[in-house]
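In: Below is the sequence, then the predicted model.
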Amino acid sequence: MKLYQILTILVLTTGSAFLFFQNCEGGRFRNEKGQIRDFNREKAELLDFIQSLNMRNLTCSSDHDCFVIPLGEKLCGGPESLLVSSHLNPDTEEIQRLAKQFTEVSRDMNQGVEIVGDCSTVSEVSFVCDQGLCQ
């Protein structure tokens, strides 16, 4: 049997699994135009920026100043993680905008894969204003 015949059989018998591995390499995916998009890099850069903006000001005077921002989207639904933030942070709107962008990138990545994801739920985060900081 020749190599092209073996590959043809492999494609016919494994179908989507073959296409997945052809289009995916370590968080990098080819879109329908053949362009490579590195989702892991995009997510890491966004997360670093979100966290740096968030850490600038977590001050609070009461628990009402604190809130949780969902980040990302799991294959089975729900956020990948939760970020405790403060309404007193002047960058709150930018943080929320970037969190939505992070979730969109996560959603795009999920749509590009044909594998089963982690369906565990993210633990509910309890947040308090402790010694003037949202935690």
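Out: It's in.

In: Quick one: the helices in the protein, in order.
Out: Under the criterion DSSP state H, the chain contains helices at 3-14, 16-23, 39-55, 92-111.

In: average pLDDT across the second one?
Out: Averaging pLDDT along helix 16-23 yields 34.

In: The longest one now?
Out: The predicted model gives helix 92-111 an average pLDDT of 94.

In: Where does the prediction get shaky in the chain?
Out: Filtered on pLDDT under 70, the chain yields the residue ranges 1-36, 113-118, 122.

In: ok, now with 50
Out: 1-25 (pLDDT under 50).

In: Give the buried residues for stretch 48-55.
Out: 50, 53-54 (16 or more other Cβ atoms under 10 Å). For glycine as for every other residue, the C-beta is placed from the backbone atoms N, C-alpha and C.

In: Let me have the residues you listed in a markdown table, extended by distance to Cys119.
Out: As requested, the buried residues of stretch 48-55 are exported to a markdown table (distance: Cβ to Cβ, whole Å):
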| residue | distance to Cys119 |
| --- | --- |
| Ile50 | 24 |
| Leu53 | 30 |
| Asn54 | 27 |
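
In: So which of the residues you listed is the closest to Gly72?
Out: Ile50 (10.7 Å; Cβ to Cβ).

In: quick one: contacts for the closest one?
Out: 71, 83, 95, 98-99, 102 (Cβ atoms under 8 Å, 6 or more residues apart in numbering).
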